[in-house]
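>>> what follows is a protein structure lacking sequence information:
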């Protein structure tokens with residue numbers, strides 16, 4: 001029996017996908033990420049000093065609420081650490097005198113978990129808020145602040161939802177836009193198209209694999225730097241994403257339709 005060439009099969013699906021509202025149409029919100037192989041992060045807060053030996057690069061700073069110099073960090077050149085109370089600290093990172101990250105770290109009353117809420121400025125047209133949750137792996141030395149010890153991340157979420165992504169299929173093409181200012185409109189036949197709003201990606205090509213799967217290739221100067229595959233669940237309410245940066249780093253994440 002003769003089989004249909006995959007590309008031809010995709011083209012045959014186009015009229016059916018585009019003749020009515022596509023199941024991809026709508027706004028999708030990524031679900032919180034749960035690391036499969038979390039690394040242990042260590043913090044030490046005692047005797048008026050805060051140390052992060054597992055940070056890259058490691059650093060030690062006075063916990064007096066004043067800016068302290070950082071060396072070798074690509075994101076901040078100063079950091080301030082302030083003790084808010086017995087279970088909370090605040091960290092502020094600056095670059096060239098401008099605040100680029102504000103972080104509030106809160107340890108639970110029983111000391112078993114902590115929550116970090118970090119607001120990042122300058123990464124996108126709007127601030128990005130990340131909420132990370134951790135479980136304690138080891139305790140700090142007696143007399144140290146409860147933030148001290150070893151921690152492993154259990155969950156991370158873009159809690160102000162700036163990664164909400166809207167898709168619209170029409171005219172044999174796919175339009176994408178998100179709240180971070182990234183967007184493209186591309187044909188579903190793999191024809192390259194401009195990608196706007198990213199410092200890392202300047203082009204994109206999109207292929208319809210079947211009526212519930214779309215493959216997106218992100219380009220930089222004409223070369224593919226990442227391949228993403230978007231697969232709809234049977235009920236059309238969950239979108240599974242798989243991201244491959246072509247260097248062996250693969251990330252998978254689900255999202256759900258919010259409208």
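Looks like it arrived, so ask away. Because the structure is predicted, anything quoted here is derived from the model rather than measured.
>>> could you use CA atoms for every contact and neighbour count after this?
Will do.
>>> ok, residue 185 - contacts?
Residue 185 sits next to 173-176, 193-195 when contact means CA atoms under 8 Å, 6 or more residues apart in numbering.
>>> so which of those residues belong to strands?
173-176, 193-195 (DSSP state E).
>>> excluding chain neighbours, what is closest to residue 251?
residue 243 (5.1 Å; CA to CA, 6 or more residues apart in numbering).
>>> show me what the residue positioned nearest the centre of the chain is bridged to.
In the chain, the residue lying closest to the centroid (CA atoms, centre = their mean) is residue 158, at 6.8 Å. With DSSP bridges as the criterion, residue 158 is bridged to residue 130.
>>> pLDDT at it, what is it?
With respect to pLDDT, residue 158 scores 94.
>>> my guess is it meets residue 119, correct?
No. Counting by CA atoms under 8 Å, residue 158 does not reach residue 119; the two are 9.8 Å apart.
>>> shared neighbours of these two, anything?
Shared contacts of residue 158 and residue 119, defined by CA under 8 Å, 6+ apart, comprise 128-130.
>>> just put those residues in CSV and tack on pLDDT and neighbour count.
Output for the shared contacts of residue 158 and residue 119, formatted as CSV (pLDDT from 0 to 100; neighbours: other CA atoms under 10 Å):
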residue, pLDDT, neighbour count
128, 93, 21
129, 96, 20
130, 96, 17
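>>> which one of those residues is nearest residue 43?
Distance to residue 43, by CA to CA, is smallest for residue 130 among the shared contacts of residue 158 and residue 119, at 19.0 Å.
>>> wait, what's in contact with the closest one?
Applying CA under 8 Å, 6+ apart, the residues contacting residue 130 are 116-120, 156-160.
>>> let's go with 10 Å and repeat that
Residues near residue 130 by CA atoms under 10 Å, 6 or more residues apart in numbering: 103, 116-120, 156-161.
>>> with residue 215 instead?
Residue 215 neighbours (CA under 10 Å, 6+ apart): 188, 190, 205-209, 227-231, 241-242.
>>> please narrow the residues you listed to those residing in strands.
Those of the contacts of residue 215 mapping onto strands are 205-209, 227-231, 241-242, per DSSP E.
>>> can you pick the most crowded of those residues?
Neighbour counts for the ones in strands among the contacts of residue 215 (other CA atoms under 10 Å) peak at residue 208, which has 27 neighbours.
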